[in-house]
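*Asks:* Starting from these lines, generate the structure:
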Amino acid sequence: MKKRILVVEDEIKLRRVIQLQLSSSGYETDLAGSAEEAIPRLDRADLVLSDLKLPGKSGLELLSYAHRQDANLPVILMTAFGTVETAVEAMRNGAFDFVLKPFSLDHLNRVVEKALEVSALRDENRKLREELGQRYQFDNIVGRSRPMQEIFATVARVAPTRATVLLAGESGTGKDLIARAIHFHSPRRERPFVKINCTAIPENLMESELFGYEKGAFTGANTSKPGKFEQADTGTVFLDEIGDVPASIQVKLLRVLQEREFERLGSNKTLHIDVRVVAATNADLRAALEQGTFREDLYYRLNVVPMNIPSLRERKEDIPFLARHFVEKLGPELGSTASSISDAAIERLMEYHWPGNVRELENVMERSLVLCSGKTLEPDAIRLDIAPQSKAGGGDFTIPGGMSLDDYEKAIIREALRRANGNKSQTARILGLTRNALRYRLSQMGLEGGSSE
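*Replies:* Have a look, this model is predicted:
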């Protein structure tokens, strides 16, 4: 489609010359002799070319009005009374460019062409940002159950603020998506979102990863490097599995939350940052408080807005919607022949207990779609990891005779250590504990052996 340019010029002859030049260059034009005449035509213009000095409202006033209506509408101002001060004021008020009379028509053409190119690039970037944001829209975080609707309502209320949020829930419940939804619905949506997986960072590297380091701070530090918090300045930091942060780092995190400042490793220079913190945990931090493995003051700094993300077992009514969502999303990506799922297959999914929550459901759906040869996923095409548990949830569990609960717990921990070949991090994952919680239990048992990683 041809771009439409609104020409605002009170000199009739010059207005006509500009119109002929723009028309010969393939543009459509609207003409106005004053700002008052131009204002009703702004909504259909792709660019405004206006004289600065007009009868009635000035070109600067027209510029201000145009940007109140559409902040992305490019405006080029023309004047025979150009001074540096006027040009600076026009650019400060959002003018794309400033053209001094007399000007060549070729020069005017180049300025117009450049303004439209930049405007098109801005539109494309804005659309890309919107598409990125759509991934975390509530419609794409599937949940029609009451617990999830309460989560969505809380996200909508808390996102516009800078309040610290603590997300609690089992692994696989979607804490990452909720954290991103908070960011992308906030005023910081166009600023960095930096995720920090506290479990994945070795303890001896955590301080330098989070807060950066200066050249020479340690062997191998040949250059200075900013940490994750610096990278997230003016944006959002997502601290995943916050319960795994060691005590030495908890003190520094508390300072960041309270004072918004820190020092790089090997530096005495205090850095100030503006970050919004969202933390997540699948551990019981209150139990960690009682055990002394998590600082109470840090807990209350993080727990400003607590959000408990329900497990899939607690919102089984969402399973049909999630299953159909994954079929529609994953089927085309995987090149699967299946494009739907039967009610009987969904009933089979409903009977399963989903210890891995939504992440496990997505994995099961992906595996089932890959291996399915029909057009519809039927019950026999659903590839679960293990057989479903009974809905009653009952069992014949008993502690072995002659063994106390404490003895049984120690036996379980020893067996997990054996399976992990003494690796404490792997042991913690097997037991569903944080590393700090496992260390506390090992110290109570007098078991200090095994590798730390």
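
*Asks:* which stretches of this structure form strands?
*Replies:* Ranges of strands in the chain, per DSSP state E, are 4-8, 28-32, 47-51, 75-79, 97-100, 165-168, 193-197, 236-240, 261-263, 270-272, 276-281, 305-308, 340-341, 376-377.

*Asks:* Ok, which of those strands comes nearest M206?
*Replies:* Nearest to M206 among the strands of the chain is strand 193-197 (9.2 Å), distances taken as CB to CB. In this view, the C-beta of every residue, glycine as well, is placed from N, C-alpha and C.

*Asks:* that older thread, let me have the strands of the chain in CSV, adding distance to T219, mean pLDDT and mean neighbour count as columns.
*Replies:* CSV is the format used below for the strands of the chain (distance: least, CB to CB, whole Å; pLDDT from 0 to 100; neighbours: other CB atoms under 10 Å):
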stretch, distance to T219, mean pLDDT, mean neighbour count
strand 4-8, 63, 96, 23
strand 28-32, 67, 95, 18
strand 47-51, 58, 95, 25
strand 75-79, 57, 90, 24
strand 97-100, 54, 87, 18
strand 165-168, 37, 95, 24
strand 193-197, 24, 94, 18
strand 236-240, 28, 96, 24
strand 261-263, 20, 92, 16
strand 270-272, 23, 92, 12
strand 276-281, 31, 95, 25
strand 305-308, 42, 93, 16
strand 340-341, 56, 94, 20
strand 376-377, 55, 93, 21
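
*Asks:* can you redo those strands as JSON lines with distance to M91?
*Replies:* What follows is the strands of the chain, written out as JSON lines (distance: least, CB to CB, whole Å):
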{"stretch": "strand 4-8", "distance to M91": "18"}
{"stretch": "strand 28-32", "distance to M91": "23"}
{"stretch": "strand 47-51", "distance to M91": "14"}
{"stretch": "strand 75-79", "distance to M91": "9"}
{"stretch": "strand 97-100", "distance to M91": "7"}
{"stretch": "strand 165-168", "distance to M91": "40"}
{"stretch": "strand 193-197", "distance to M91": "32"}
{"stretch": "strand 236-240", "distance to M91": "32"}
{"stretch": "strand 261-263", "distance to M91": "35"}
{"stretch": "strand 270-272", "distance to M91": "30"}
{"stretch": "strand 276-281", "distance to M91": "32"}
{"stretch": "strand 305-308", "distance to M91": "41"}
{"stretch": "strand 340-341", "distance to M91": "57"}
{"stretch": "strand 376-377", "distance to M91": "59"}
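
*Asks:* Now do the longest helix along the chain against strand 75-79, angle only.
*Replies:* Ordering each helix of the chain by length in residues (DSSP state H) puts helix 105-134 first. Taking axes from the mean of the first three to the mean of the last three CA atoms, to 10 degrees, helix 105-134 and strand 75-79 form an angle of 160 degrees between their directions.

*Asks:* just to revisit the earlier point, what's the closest of the strands of the chain to T434?
*Replies:* With respect to T434, and counting by CB to CB, the nearest of the strands of the chain is strand 276-281 at 8.0 Å.

*Asks:* which residues of the stretch 201-350 of the chain score low on pLDDT?
*Replies:* Low-confidence segments of the stretch 201-350 of the chain, defined by pLDDT under 70: none present.

*Asks:* Could you pull out the helices in it for me?
*Replies:* 203-211, 228-231, 247-259, 285-291, 296-302, 319-334, 343-351 (DSSP state H, counting those that start in this stretch).

*Asks:* So which of these is nearest A153?
*Replies:* Nearest of those (CB to CB): helix 319-334, 18.0 Å.

*Asks:* Would you indicate which residues of that closest one are buried?
*Replies:* I319, P320, L322, A323, H325, F326, V327, L330, G331 (16 or more other CB atoms under 10 Å).

*Asks:* can you put those residues in CSV and add distance to H353?
*Replies:* As requested, those are exported to CSV (distance: CB to CB, whole Å):
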residue, distance to H353
I319, 11
P320, 17
L322, 15
A323, 16
H325, 20
F326, 18
V327, 21
L330, 22
G331, 25
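
*Asks:* Which of those residues sits closest to I309?
*Replies:* Nearest to I309 among those is L322, at 14.2 Å by CB to CB.

*Asks:* that older thread, which one of the strands of the chain lies nearest to F294?
*Replies:* Per CB to CB, nearest to F294 of these: strand 276-281, 9.4 Å.

*Asks:* Direction-wise, compare the closest one with strand 193-197 and give the angle.
*Replies:* 30 degrees.

*Asks:* Neighbouring strands - and their directions - for strand 276-281?
*Replies:* Note on strand 276-281: by DSSP bridges, its sheet partners are strand 165-168 (parallel), strand 236-240 (parallel).
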